[in-house]
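In: Mind folding the following:
(one chain, ligands or ions: 1)
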Amino acid sequence: MSIETLAQTALAMVAPGKGIIAIDESTSTIAKRFDAVGIPNSEENRRAYRELLLTTPKLGDHISGAILYDETIRQSTKAGVPFTRVMADSGILPGIKVDKGPQPLAGFPGEVVTEGLDGLRARLEEYYKLGARFAKWRAVIHIGDDIPSGTCIEANSHALARYAALCQEQGLVPMVEPEVLMDGGHDIETSYEVHEVVLRSLFDALYQHNVMLEGTILKASMVLPGKDSGEEGSIDEVAESTLMCLKSSVPAILPGIVFLSGGQGDEDATAHLDAMNRMGPHPWPLSFSYGRAMQSAALKIWSQDLAGNVAKAQETVFARARDNGLAARGQWGR
Ligand code: 13P
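Out: Have a look, this model is predicted:
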């Protein structure tokens, strides 16, 4: 695959005022989300829920791509239209989660490494044929007493780089996601330091593995104080720390950075993105690739009446997409 094609896809993912909706929850993760609102985790409910999201009217006005899960990329609407066709009709690029999730890192209690490299080339080849044009791999970094270790950071960066090189070989833009969790009692300075080491390690590994940055998208976590720190961190403080950290560790040639929401409130996720873009211009477009912050309000509404609340839930999805799209331009305001 030519680098020009990959670069074009990457730029389309971060087109002005557009971002990504992450609906790639594995069957066990969606079980938790459904469980929280009392929806049985059946294949039909998962299909119906993803149909609701992907057929939201005018979603393509603010959404450039959607990250799907293996089950979802093979599913269709109730009327029999493949989801990938629905997406193509709304100008939404299909993405696919390809990692197999974090597993305990042997010898390093409390730390994890993401698995899924075995057989990845063949899986990517199939996903490309199914219509996927970008992929996602999420590494998870915990902050705690004496962690993360250098070994954990390096193991995850190495896996991300091998995944990214394979994606580009198979014609998919790799979205590389090293998520530094907000769980814990650490302060914002600690979050900054960990993010900086993790991002530098990642870009070093991508360089070592001949990954072309022009055809790569970074999915980053924001620099936030730990959830249990008792610190709030103002919107501007979070925005400034995140920006400074990215500027010190992410090459300017990268076509774009999108953020995960990571358990922040819906409005906080939007406000942080908006504040960062107001502080621009920056070397890269900054946009969103939110899962929970795009979906949680809609899921709650749908759960109250699966058959009757589809349109109402879709209005909420659209409103979240519109607000985050405005934040991607620094035009949301509070
Ligand atoms: P959240 O926005 O809910 O953190 O999910 C984004 C995602 O795709 C994590 O991998």
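
In: what ranges of this protein fall below the confidence cut-off?
Out: Applying pLDDT under 70 to the chain picks out residues 1, 334.

In: and the residue in the chain that the ligand sits nearest to, backbone torsions?
Out: Per C-beta to the nearest ligand atom, Gly291 is where the chain lies closest to the ligand, at 2.7 Å. Every C-beta, even on glycine, is put in place using the N, C-alpha and C of the backbone. Here is the backbone geometry of Gly291 (degrees, to the nearest 10): phi -100, psi -80.

In: And for it, nearest residue in space, chain neighbours not counted?
Out: Once flanking residues are discounted, Gly291 sits nearest to Ala22: 3.8 Å by C-beta to C-beta, 6 or more residues apart in numbering.

In: From what I see, the one you found and Met294 are in contact.
Out: Yes: the criterion here is C-beta atoms under 8 Å, and Ala22 meets it with Met294 at 7.1 Å.

In: if we can go back for a sec, mind listing what the residue nearest to Gly291 touches?
Out: Contacts for Ala22 (C-beta atoms under 8 Å, 6 or more residues apart in numbering) come out as Ala66, Ile67, Lys136, Leu260, Ser289, Tyr290, Gly291, Met294.

In: on that earlier part again, surely the residue of the chain closest to the ligand is in contact with Glu25?
Out: Yes: if you go by C-beta under 8 Å, Gly291 and Glu25 touch, sitting 7.0 Å apart.

In: For Arg47, which non-adjacent residue is spatially closest?
Out: Gln75 (5.0 Å).

In: Equivalent analysis for Leu6, please.
Out: Closest to Leu6 by C-beta to C-beta, 6+ apart is Gly215, at 2.9 Å.

In: Not counting its own residues, what contacts stretch 275-290?
Out: Contact partners of stretch 275-290, identified using C-beta under 8 Å, 6+ apart, comprise 14, 16, 18-22, 67, 175, 219, 235-236, 238-240, 242-243, 246-247, 250, 252, 254-261, 269, 273, 294, 320, 324, 327-330.

In: still on that earlier bit, is the residue nearest to Gly291 bridged to anything, and to what?
Out: Bridge pairing for Ala22 (DSSP bridges) gives the partners Ile67.
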